[in-house]
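1. Got a predicted model here, sequence first, then my questions.
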Amino acid sequence: MAVPHFNTNTLFYGDNLEILHKHFPDECVDLIYLDPPFNSKADYNILFKEATGEQSTAQIQAFSDFWHWDIEAMRAYDRLAMQSPKHVSDIIISMHDFLGKNDMFAYLVMMGERLLELHRVLKPTGSIYLHCDTTASHYLKLVLDAIFGAQNFRNEIIWQRFNFHADAHRYGRVHDILLFYTKTNDYYWKTQYGEHKEKYKNSHFTQVDPSNGRIFRLDNASAKGQGPPRYFNGRLLEPPIGTHWRWSQENIDNLIAKGKIVFTKTGRPAVKRYFDEAKPAIHSVWTDIPSINSMSKERVGFQTQKPLKLLERIIESSCPEDGLMLDPFCGCGTAIVAAEKLHRQWVGIDITFLAVNLVKGRLNDSFPTATFSVEGEPKDLGAARALAQNRYQFQWWALYKINARPVGSTEAKPTIGKKGADEGVDGWLRFTDKSEGHYEKIVVQVKSGHVGVKDIRELRDVVSRQKATMGIFLTLEEPTSEMVKEVKATEPYVSSLWNQEYSKIQILTIEQLLKGEQPKIPPTISQYQEVPRLKRVVKNRQRKL
């Protein structure tokens, strides 16, 4: 198989179509899981509304679920219609004739291009799981049939997310769909097993083996059809008419040796099924993995976050222990975390720095000794200036450089979404002061364009208005001398707990961040919680106070 043009355990920032084409050789991935964004909550009338006039490509923001019929979608349609294999172009053209030029069709052509690339990079023994819902699953299945082959469709998996969902005038929608395809008929597979429910145990496993005290039930030893004769202790086994014994003679002998073959009152042989050995195989309807509730420690504030157990099941089923798992829409990184936990190699791709940073944080929190790399983030000032063409991506990247949370986040579980009325705050930090468990707030502003002294005065006002203790100003351009004077003229913040003065307003340039410099602030929450020495310092100073 081809060797990837990158180190495994890598996060890529950028458009997955471009990254797949540039970095991934043919047939290098064992498992692909993708949960592509789509606005399933939007009204069908909006999704199928015809486009009226040309519109510019929407700014892609963090976790936006919208795809639009615009110039980019038109170009993708042209490429699929003219350059893709005939069976793929035929289905795409038919969908165009049926659906028309609307957001649903835009979604399908954008996905079509990416699924072609994913098919290219998947090993012959590989599998792909596409996570979707009923809004577009039937259309996506047609596209997958054309690209992967209908003969390689394995399952439509129903994942029951909720026990109840309130939907007016229709049945409550409580499930998602996973479309499972393989590249060929020769693919890696490992059966997964669940647990019997207590009710089933009590109703079926009603006997106790006196020799070992284990609970068991008797199972039929025959199957329908004709088969060769079988023998029990030299005696011919005669199954009921139209049936045959379901095991080979070798297996029957092994079961006899283990004491698992017994005869019922009717004289027919049966097999003992011990409860502690009788785990049921997982089938195509998954009801045993609930969605993540709002109080779960697993939640990271990502609206479409999937539970870790869901991804663990997929990876253990379809990715060998030395295999490579790819998530081209990695979002908050649950598939990446699951792969790292299960010791698989992985690659994740996302088009927002907010997502990439969130995955980096999850990996660092869950696996402190894990090593991974990030491709696509600025390494020098020129790259930072290029990123600044996209205001929000630049802002999220700069905030992560000082471990600041984006605006709208809560302390442990950030609420991620579109940027709204930020009241002059792009991000924030918290640090411990006064006493253990008491936290103060630092507001952060990020500027990529022209800056002046008025920006520092405005930040000082924001600090006061937000009742924060300090303000940090991150700037791509060098600060003016007036800005520096304004900072020096501002009364410092004095930490009583740490017995130290800190500049109340601080300016840090992107060039300084790239060199590894950090703002001078008291220990943050994460530092305080992770370093026991700081806790001892706090307690000692509290005693002195």
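-> Great, that's in hand.
2. Give the buried residues for stretch 10-26.
-> 10-17, 19-20, 23-24 (16 or more other C-beta atoms under 10 Å). All C-beta spots, glycine's among them, are computed from the backbone N, C-alpha and C.
3. For D167, state which of those is nearest.
-> Set against D167, the nearest of the buried residues of stretch 10-26 by C-beta to C-beta is N16 (32.4 Å).
4. surely that closest one meets I349?
-> Yes - judged on C-beta atoms under 8 Å, N16 makes contact with I349 at a distance of 4.3 Å.
5. Now for the two: what residues contact both?
-> Taking C-beta atoms under 8 Å, 6 or more residues apart in numbering as the contact rule, N16 and I349 both touch 328-329.
6. What helix or strand is Y129 located in?
-> For Y129, the host element (DSSP states H and E) is strand 122-132.
7. Low-confidence bits of the stretch 301-450 of the chain, can you list those?
-> 301, 408-422, 434-437 (pLDDT under 70).
8. for the stretch 151-300 of the chain, same thing?
-> Judged by pLDDT under 70, the stretches of the stretch 151-300 of the chain that qualify are 223-226, 231-243, 267.
9. where along it do the helices fall?
-> With DSSP state H, counting those that start in this stretch, the ranges of helices along the stretch 151-300 of the chain come out as 198-204, 249-257.
10. still on that earlier bit, roughly how far is the strand holding Y129 from the heart of the chain?
-> Relative to its parent chain, strand 122-132 has a centroid offset of 16 Å by C-alpha atoms, centre = their mean, to the nearest Å.
11. In the sheet, which strands lie alongside that strand, parallel or antiparallel?
-> strand 29-34 (parallel), strand 175-182 (antiparallel) (DSSP bridges).
12. Of these, which stretch is the most buried?
-> Among these, the stretch with the highest mean neighbour count (mean count of other C-beta atoms under 10 Å) is strand 29-34, at a mean of 26.
13. separation between K258 and E277?
-> 11 Å (C-beta to C-beta, to the nearest Å).
14. do the same with Y400
-> Y400 is 49 Å from E277, by C-beta to C-beta.
15. so who does I507 touch?
-> 456, 473, 475, 479, 483-484, 487.
16. Surely it is in a strand?
-> Yes - with DSSP: H, G, I helix; E, B strand; the rest coil as the criterion, I507 is part of a strand.
17. Okay, and the beta partners of it?
-> The partner residues for I507, given DSSP bridges, come to F473.
18. Tell me the pLDDT of it.
-> Looking at I507, its pLDDT reads 97.
19. With the one 5 residues further on instead?
-> Among the per-residue scores, Q512 shows a pLDDT of 96.
20. same question, E482
-> Confidence score, pLDDT, at E482: 96.
21. follow-up on the earlier one: buried stuff in the helix or strand just after the strand holding Y129?
-> Remark: after strand 122-132, the chain's next helix or strand is helix 137-148, criterion DSSP H and E. Buried residues in helix 137-148, defined by neighbour count with 16+ other C-beta under 10 Å: 137, 139-141, 143-148.
22. Pull helix 137-148 out as CSV, backbone CA atoms only.
-> Taking C-alpha atoms only, helix 137-148 is exported to CSV below (Å, rounded to 0.1, in the frame of the first residue of the first chain):
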residue,chain,number,x,y,z
SER,A,137,-29.6,9.9,3.8
HIS,A,138,-31.6,8.6,0.8
TYR,A,139,-29.8,10.9,-1.6
LEU,A,140,-26.4,10.2,0.0
LYS,A,141,-27.0,6.4,-0.4
LEU,A,142,-27.4,6.9,-4.1
VAL,A,143,-24.2,8.8,-4.3
LEU,A,144,-22.4,6.2,-2.2
ASP,A,145,-23.8,3.4,-4.4
ALA,A,146,-22.5,5.1,-7.5
ILE,A,147,-19.0,5.7,-6.0
PHE,A,148,-18.4,2.6,-3.8
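23. one step back: give me the more crowded residue out of Y400 and E277.
-> Y400 (21 against 10; other C-beta atoms under 10 Å).
24. How about residues contacting the helix or strand encompassing that one?
-> Taking DSSP H and E as the definition, one finds Y400 inside helix 391-401. Under the criterion C-beta under 8 Å, 6+ apart, residues 59, 61-62, 352-354, 357, 360, 377-378, 384, 387-388, 405-406, 419, 426-427, 444, 446, 448, 474, 476, 510, 513 lie in contact with helix 391-401.
25. again with stretch 165-174
-> 133-134, 160-164.
26. which of these count as buried?
-> R161.
27. just the contacts of stretch 165-174 now: which is nearest L311?
-> Using C-beta to C-beta, the contacts of stretch 165-174 come closest to L311 at R161, 14.2 Å.
28. Would you agree M104 is in contact with A136?
-> Yes - counting by C-beta under 8 Å, A136 is a contact partner of M104 at 6.7 Å.
29. ok, the two, which is more surrounded?
-> For M104 versus A136, the count of surrounding residues by other C-beta under 10 Å is larger for M104: 22 against 19.
30. and that one, that's in a helix?
-> Yes - per three-state DSSP, M104 lies within a helix segment.
31. Make 34 the first number, not 1, from now on.
-> From this message on, residue numbering opens at 34, which makes the last subject M137.
32. separation between it and S317?
-> M137 is 26 Å from S317, by C-beta to C-beta.
33. try K374
-> For K374, the distance to S317 equals 25 Å [C-beta to C-beta].
34. Could you pull out the strands in the stretch 384-533 of the chain for me?
-> 406-408, 438-439, 460-465, 472-480, 503-508, 526-528, 533-535 (DSSP state E, counting those that start in this stretch).
35. ok and the fifth one relative to helix 424-434, angle-wise?
-> This means strand 503-508. 130 degrees (axes from the mean of the first three to the mean of the last three C-alpha atoms, to 10 degrees).
36. residue contacts, Y214?
-> By C-beta under 8 Å, 6+ apart, the neighbours of Y214 are 160-161, 163, 177, 181, 185-187.
37. Looking at those residues, spot the one nearest H101.
-> Closest to H101, out of all of those and judged by C-beta to C-beta, is L163, at 21.1 Å.
38. Dig out what that closest one forms beta bridges with.
-> Here L163, judged by DSSP bridges, has bridge partners L67, L212.
39. OK, contacts around it?
-> Per C-beta under 8 Å, 6+ apart, neighbours of L163: 67, 69, 148, 173, 177, 211-212, 214.
40. switch to 10 Å and redo it
-> L163 sits next to 65-69, 144, 148, 151, 170, 173-174, 176-177, 181, 210-214 when contact means C-beta atoms under 10 Å, 6 or more residues apart in numbering.
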